[in-house]
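Visitor: Have a look; sequence and predicted model below, questions after that.
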Amino acid sequence: MKITGKEVAKAAITMAMSADIEEEKIYKEEYKEKGIKTCAVNIGGNVINSIPKVLESTLVSAKRNNLVEDKHVYDGAILGATREALGVIVEKASGFNAGGKVGVARCGEHIVVCIFLSIGLLHLDEVVIGLGHRVIPVN
């Protein structure tokens with residue numbers, strides 16, 4: 001069965017919305033059985049000031065979890081998809097503190113980055129989700 005980009009995106013979203021490390025591990029195993037590699041990393045702080053750290057953390061996590069090799073083309077794909085996801089959330093979260101998670105999923109040529117954040121607005125919590133997709137060479 002060929003896994004589509006839509007299914008890879010669903011995996012990234014699920015990882016980004018996971019509640020804790022134990023839930024991440026469960027999802028990671030479930031997706032691994034389907035042939036989808038996944039990882040997640042917690043993020044937080046002032047959204048604009050955190051952008052460099054989010055980019056770095058996402059790339060490091062993808063490499064450590066063997067979603068991509070340590071090659072320039074893969075670095076560009078991960079960083080490009082992460083910047084695309086950040087572009088979606090920045091308008092809504094700009095100037096606020098936020099906390100959440102980045103989920104990354106890869107199967108074959110598809111790699112998807114999802115950022116899911118809760119934004120602190122006084123006593124109200126707003127949520128935002130951003131998604132970025134890239135097609136990369138298959139090893």
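Guide: It's in.
Visitor: And the average pLDDT for the biggest helix by length in the chain is what?
Guide: Of all the elements of type helix in the chain, the one with the most residues (DSSP state H) is helix 72-93. Per-residue pLDDT over helix 72-93 has a mean of 95.
Visitor: counting contacts, what elements does that helix pack onto?
Guide: When contacts are defined as 3 or more Cβ pairs under 8 Å, 6 or more residues apart in numbering; DSSP states H and E, helix 72-93 packs onto helix 47-64, strand 97-107, strand 110-121, strand 124-135. Every C-beta, even on glycine, is put in place using the N, C-alpha and C of the backbone.
Visitor: hmm, 10 Å instead?
Guide: If contacts are counted by 3 or more Cβ pairs under 10 Å, 6 or more residues apart in numbering; DSSP states H and E, helix 72-93 sits against helix 5-17, helix 47-64, strand 97-107, strand 110-121, strand 124-135.
Visitor: Make a markdown table from the ones you listed and add distance to residue 85, mean neighbour count and mean pLDDT to it.
Guide: Compiled in a markdown table, these are given as follows (distance: least, Cβ to Cβ, whole Å; neighbours: other Cβ atoms under 10 Å; pLDDT from 0 to 100):
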| stretch | distance to residue 85 | mean neighbour count | mean pLDDT |
| --- | --- | --- | --- |
| helix 5-17 | 9 | 21 | 98 |
| helix 47-64 | 9 | 16 | 96 |
| strand 97-107 | 8 | 24 | 96 |
| strand 110-121 | 5 | 23 | 93 |
| strand 124-135 | 4 | 16 | 92 |
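Visitor: Would you tell me which of these gets closest to residue 25?
Guide: Judged by Cβ to Cβ, the one of the helices and strands packed on helix 72-93 that comes nearest to residue 25 is helix 5-17, at 10.7 Å.
Visitor: so how far is that closest one from its chain's centroid?
Guide: For helix 5-17, the separation from the chain centroid amounts to 9 Å (computed by Cα atoms, centre = their mean, to the nearest Å).
Visitor: same deal with stretch 91-111?
Guide: Taking Cα atoms, centre = their mean, one finds stretch 91-111 lying 4 Å from the centre of the chain it belongs to.
Visitor: Name the SS class of residue 40, please.
Guide: Assigned by DSSP: H, G, I helix; E, B strand; the rest coil, the conformation of residue 40 is strand.
Visitor: Understood, closing this out.
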